[in-house]
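Trainee: following is a predicted model, sequence given first.
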2 protein chains.
Amino acid sequence: MTTEQNTRIVLAARPKGAPVASDFRLEHTPMPTPRTGQVLLRNRWLSLDPYMRGRMNAGRSYVAPLEIGETMDGGTVSEVVESLHPAWSPGDLVLAHAGWQTYAVVDGETLRRKLDPAGLPVQTALGVHGMPGFTAYVGLHEIGRPQHGETLVVAAASGPVGATVGQIAKLKGARVVGIAGGAEKVAHLRDELGFDVALDHRAEDFAEQLAAACPDGIDVYFENVGGKVFDAVMPLLNDFARIPVCGLVAHYNATAPAPGPDRLPQLMAMILSRHLTVRGFIQHDFIALYPEFVREMGRWLRDGRIRYREDVVVGLERAPEAFIGMLEGRNFGKLLVKLDS
Amino acid sequence: MTTEQNTRIVLAARPKGAPVASDFRLEHTPMPTPRTGQVLLRNRWLSLDPYMRGRMNAGRSYVAPLEIGETMDGGTVSEVVESLHPAWSPGDLVLAHAGWQTYAVVDGETLRRKLDPAGLPVQTALGVHGMPGFTAYVGLHEIGRPQHGETLVVAAASGPVGATVGQIAKLKGARVVGIAGGAEKVAHLRDELGFDVALDHRAEDFAEQLAAACPDGIDVYFENVGGKVFDAVMPLLNDFARIPVCGLVAHYNATAPAPGPDRLPQLMAMILSRHLTVRGFIQHDFIALYPEFVREMGRWLRDGRIRYREDVVVGLERAPEAFIGMLEGRNFGKLLVKLDS
């Protein structure tokens, strides 16, 4: 084992706008060695998520910035190779945050949970049964609170957060309008996920289509994209509408301020006149609900009441290209990197 | 009594920007006559409040628009002159919503509560012990939730909402920064109301003064003015800050969109990255808390723990001028019209 090397992908440069391949660098480094309390992990699955774009910037975001030369971080499903921590043993499959690399040493305390290879597919711990699913779950549980008969709108609806939001809202009796890019994704929302209406945000008359799809207005807008979808949503918001804000992927690559007029006063006036609640969050803000989520979502998945879709690329070296594509909406379902074994 | 006339002020024209005297018209009309279930009121005190500006516009606001020719509405302390409703008797002093007029007939059901002439000054039911005080109370109780040691900022802080917000927050152990216009009001916040810091928004270096006054950032910004105060607050907001939005008086007279750049995406990004809660409300959204408020605020007032200031003009005919001045910040304390008796 000690003759092996670690392979990792580091932040080579801060992107100007959309990331490009040269913002990443693949490196070979010596194998890391665990000390007392630590474990050596071999990563099996790596999760690629939009929040990582924020970490590539120097400025303050909802996540701390990475340093240049630092390994790109991310959630992983990993196998314990060597353990100097009493809770973990070689062979354990665990949910970790071990980054874009083949091996990692982490403190045993930081491992989130042990995964059962005989249960749900282990990589769901990175998607519907993990951080994205939990984001959907708490955003609705704590902020969106869709009620029976209300209308919920969610964009990026074929992605792991949006798809889960829409399906949980359906379970709660809400009417769900999902938005995605392209005919194939739209068909998936309608035919596979059972959304009431599915719309393509690329349509020229998208705003009119959305208005027609929401004859009773919008009670919950689950905000994970921003941009022109939010612009189309704004005039349709009902009194007392709730807007959980967990992502703004349409803005992440923006490099310049948007042209005027300044609509900030207009948004504040709408928040007032329509009694809106707009609240930013990340799933960790509600971490106390995590055990309940793992149980309830596990049951929904086993009962087939929540479905999910994965978009898997094989090989760590393909992570940058897949990540760049995800920010352009090219993935279809939860984007995962399966590491070569 | 039947030889008397009613005097009322109606909406004569919809204001373009700031209201002017000709947007109002004083009229003499026959005395109204109550039917079964109704009461004839003689108004003693009329409350003037910023929300009325919204009702003068045709468009959707957080209150329904008045029609041209309709009596300006508003809260009143009124005396029951004649009652055809079993709950009320001639001579009762009541909290009503009987508008800008000397007499009114209203359904007995709409009267909010009976006032005790031997208790707190009856006109406090229109201010600190009424709608503005309740707005402060519920905005903090349900949204702002200032914690011991946190920093709360409130503007229009010598007005009845702002002054009450700041004093309740002090009772909760928060550090309070109040903002008002002019040296006299600023001195009042500091010397009479006991705010930790009081600032004049007219100062050229106001944004710098606010930053210096909030070395630990801002945890609660009670939004009742908007405009440049909000602009100065934004960069200082802490993670998990709460922004109850109950008014935007700085915008009410706006006639044109604000020039660019468009800061809406920036506000949404900040809501996300700092986990902000921005929530619009009116006091009525939390009406279930009203009895608790009346009890608790009554106790605070009798114990001298909450203070209040009134700005009284005498004579219904002076209401338009006083209202116009209020929107320019010329009142100092809760603005009341004492009707000639």
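Mentor: Noted; the coordinates are in hand. The model shown is predicted, which means the values in this text are computed figures rather than measured ones.

Trainee: only C-alpha atoms from now on, for both contacts and neighbour counts.
Mentor: Noted.

Trainee: can I get stretch A:193-200 in PDB, CA atoms only?
Mentor: What follows is stretch A:193-200, C-alpha atoms only, in PDB (Å, rounded to 0.1, in the frame of the first residue of the first chain):
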ATOM      1  CA  LEU A 193     -41.500  12.200 -11.100                       C
ATOM      2  CA  GLY A 194     -45.200  12.900 -11.400                       C
ATOM      3  CA  PHE A 195     -45.000  16.700 -11.300                       C
ATOM      4  CA  ASP A 196     -48.300  18.400 -12.200                       C
ATOM      5  CA  VAL A 197     -46.600  20.700 -14.700                       C
ATOM      6  CA  ALA A 198     -43.100  20.700 -16.200                       C
ATOM      7  CA  LEU A 199     -41.700  23.700 -18.100                       C
ATOM      8  CA  ASP A 200     -38.500  24.300 -20.100                       C
END
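
Trainee: host element of the residue nearest the centre of chain A?
Mentor: Nearest to the mean C-alpha position of chain A, by Cα atoms, centre = their mean, lies A:Pro132 at 4.4 Å. A:Pro132 is part of helix A:131-138, with elements assigned from DSSP states H and E.

Trainee: how far does that helix sit from its chain's centre?
Mentor: 8 Å (Cα atoms, centre = their mean, to the nearest Å).

Trainee: tell me what it is packed against?
Mentor: When contacts are defined as 3 or more Cα pairs under 8 Å, 6 or more residues apart in numbering or on different chains; DSSP states H and E, helix A:131-138 sits against helix A:160-171, helix A:290-302.

Trainee: interface residues of the stretch 101-250 of chain A facing chain B?
Mentor: A:226-227, A:245-248 (Cα under 8 Å from any Cα of the partner chain).

Trainee: buried subset of those?
Mentor: A:226, A:245-248 (16 or more other Cα atoms under 10 Å in any protein chain shown).

Trainee: hang on, A:Pro84 packs against A:Gly37?
Mentor: For residue A:84 the amino acid is Leu, not Pro. Yes: the pair A:Leu84 and A:Gly37 qualifies as a contact (Cα atoms under 8 Å) at a distance of 5.1 Å.

Trainee: pick the most buried one from the helices and strands packed on helix A:131-138.
Mentor: Highest mean neighbour count of the helices and strands packed on helix A:131-138: helix A:160-171, a mean of 26 (counted as mean count of other Cα atoms under 10 Å in any protein chain shown).

Trainee: work out the gap between the helix or strand following it and the centre of the chain.
Mentor: Counting by DSSP H and E, the next helix or strand C-terminal to helix A:160-171 is strand A:175-180. Computed by Cα atoms, centre = their mean, the chain-centroid distance of strand A:175-180 equals 17 Å.

Trainee: contacts only, for A:Phe332.
Mentor: Taking Cα atoms under 8 Å, 6 or more residues apart in numbering or on different chains, we find A:Phe332 in contact with A:158-159, A:185, A:309-311.

Trainee: closest to B:His148 out of those?
Mentor: A:Gly159 (41.0 Å; Cα to Cα).

Trainee: the closest one against A:Gly333, yeah?
Mentor: Yes: applying Cα under 8 Å, one finds A:Gly159 in contact with A:Gly333, separated by 4.7 Å.

Trainee: which of those two has more residues huddled nearby?
Mentor: Each of A:Gly159 and A:Gly333 had its neighbours counted (other Cα atoms under 10 Å in any protein chain shown), and the higher figure belongs to A:Gly159 (26 against 22).

Trainee: who touches the more buried one in this structure?
Mentor: A:332-334.

Trainee: so is the closest residue to A:Glu70 other than its chain neighbours in a helix, a strand, or just coil?
Mentor: With Cα to Cα, 6 or more residues apart in numbering or on different chains as the criterion, A:Glu70 has its nearest non-adjacent residue at 5.2 Å, and that residue is A:Val10. Per DSSP: H, G, I helix; E, B strand; the rest coil, the local secondary structure of A:Val10 is strand.

Trainee: gap between A:Val10 and chain B?
Mentor: 24 Å (Cα to the nearest Cα, to the nearest Å).

Trainee: before we move on, back to that, which two from the buried ones among the residues of the stretch 101-250 of chain A next to chain B end up farthest apart in space?
Mentor: Maximum distance among these (Cα to Cα): 10.0 Å, for A:Gly226 and A:Cys246.
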